[in-house]
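Enquirer: sequence unavailable; structure follows:
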């Protein structure tokens, strides 16, 4: 299975990287760009089936390793 | 409009961050994880309509600012 995890800064958390990118976008003429947020994705392949146990272990992996739950949200997509 | 740009390392490019995450996943018991790749997302809102001119300017923005075309691919989604 191919898993893609999306990690984004929470809405109320300051995102300095997003602010910097937004500033650069304005400088390049994208003057209407607003609310720029920079997140990350982690893609990987894994053996096995999409079971509730697997989803539980994936949730734990996302919380413990791939995201910082204090300042980030995560979601994932499970592909074929 | 809400734009989400996805930037991922090209397939043939070494991804040290992905390798480090993959190693940590193995240490945490996700032993079947393979081909771990770490990318980034840039989300922002922008005024205007989804015209061919807008898409051209967005392509240019992605190539010039948001990605390094030598080692990264990008794609984007345009939402409501």
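Expert: That came in fine, so what should we check first? All values derive from a computational prediction rather than experimental measurement.
Enquirer: who in chain A is up against chain B?
Expert: Taking Cβ under 8 Å from any Cβ of the partner chain as the measure of proximity, chain A contacts chain B at A:6, A:8, A:18, A:21-22, A:24-25, A:28-30, A:32-48, A:57, A:61, A:64-66. Bear in mind the C-beta positions are built from the backbone N, C-alpha and C, glycine included.
Enquirer: mind checking which of those residues are buried?
Expert: Buried members of the residues of chain A next to chain B, counted by 16 or more other Cβ atoms under 10 Å in any protein chain shown: A:6, A:8, A:18, A:21-22, A:24-25, A:30, A:33, A:36-44, A:46, A:57, A:61, A:65-66.
Enquirer: show me the residues you listed that map onto strands.
Expert: A:6, A:8, A:36-44 (DSSP state E).
Enquirer: please identify which pair of those residues lies farthest apart.
Expert: A:36 and A:44 (26.8 Å; Cβ to Cβ).
Enquirer: run through the helices of chain A in chain order.
Expert: Under the criterion DSSP state H, helices of chain A are mapped to A:16-27, A:52-61.
Enquirer: my guess is residue A:58 contacts residue A:3. True?
Expert: Yes. Here residue A:58 reaches residue A:3: they are 6.9 Å apart, a contact under Cβ atoms under 8 Å.
Enquirer: quick check: neighbours shared by these two?
Expert: Counting by Cβ atoms under 8 Å, 6 or more residues apart in numbering or on different chains, the common neighbours of residue A:58 and residue A:3 are residue A:76.
Enquirer: beta partners for residue A:4?
Expert: residue A:43, residue A:77 (DSSP bridges).
Enquirer: ok, residue A:79 touching residue A:5?
Expert: No. Contact criterion Cβ under 8 Å: residue A:79 and residue A:5 do not qualify, at 12.0 Å.
Enquirer: the more surrounded of those two?
Expert: Higher neighbour count among residue A:79 and residue A:5: residue A:5, with 21 against 10, using other Cβ atoms under 10 Å in any protein chain shown.
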